[in-house]
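S.K.: I would like to see how this sequence folds:
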Amino acid sequence: MRRERFDRMNVVPFIDIVLVLLVIVLATATFVQNKSVKVDLPSASSKEPENKKSIVVSIDKQGRYFWDKEPVDVAALQARIERLDPKKDRLSLHTDKATPFMYFVKVVDTLKARGFANVDIVTQP
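M.R.: Numbering: from 1, shown residues only. Presented below is the predicted three-dimensional model:
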């Protein structure tokens, strides 16, 4: 019995597996609801991926502050920032593009006073 030379790989089973996985992902992704604060982010030319393990601080266009989707006032926000470790904890700052600049500056000023180095300012690509 003579063996044939193996010079091509059959990719049809691989494609079948990938399509099944794609169907599973698409079917489960439609049931996941995104509960987030409605913030119309400004756009920027340079965009790096947002770290998902960071604490999210949001400012909407009315100037209301949110700590991980929970509404807080300025004093409570500053108190929570004071409790964080500037070297270990990471913050993502989401600010609506229609927000007056003074609300953004209050948060950045508090972060700067604490010496935060890991702050992401989130924008749209």
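S.K.: which residues does the closest residue to residue 104 other than its chain neighbours bridge with?
M.R.: Counting by C-beta to C-beta, 6 or more residues apart in numbering, residue 95 is the residue found nearest to residue 104 once chain neighbours are left out, at 5.1 Å. Heads up, the C-betas are built off the backbone N, CA and C, glycines and all. Going by DSSP bridges, residue 95 is paired in beta bridges with residue 59.
S.K.: and residue 95, how many neighbours?
M.R.: 23 (other C-beta atoms under 10 Å).
S.K.: Please report the distance of it from residue 74.
M.R.: Residue 95 sits 14 Å away from residue 74, going by C-beta to C-beta, to the nearest Å.
S.K.: if I look at the residue nearest to residue 104, how far off is residue 113?
M.R.: With C-beta to C-beta as the criterion, residue 95 and residue 113 are 19 Å apart.
S.K.: With residue 62 instead?
M.R.: In terms of C-beta to C-beta, residue 62 sits 25 Å off from residue 113.
S.K.: do the same with residue 106
M.R.: Separation of residue 106 from residue 113 (C-beta to C-beta): 11 Å.
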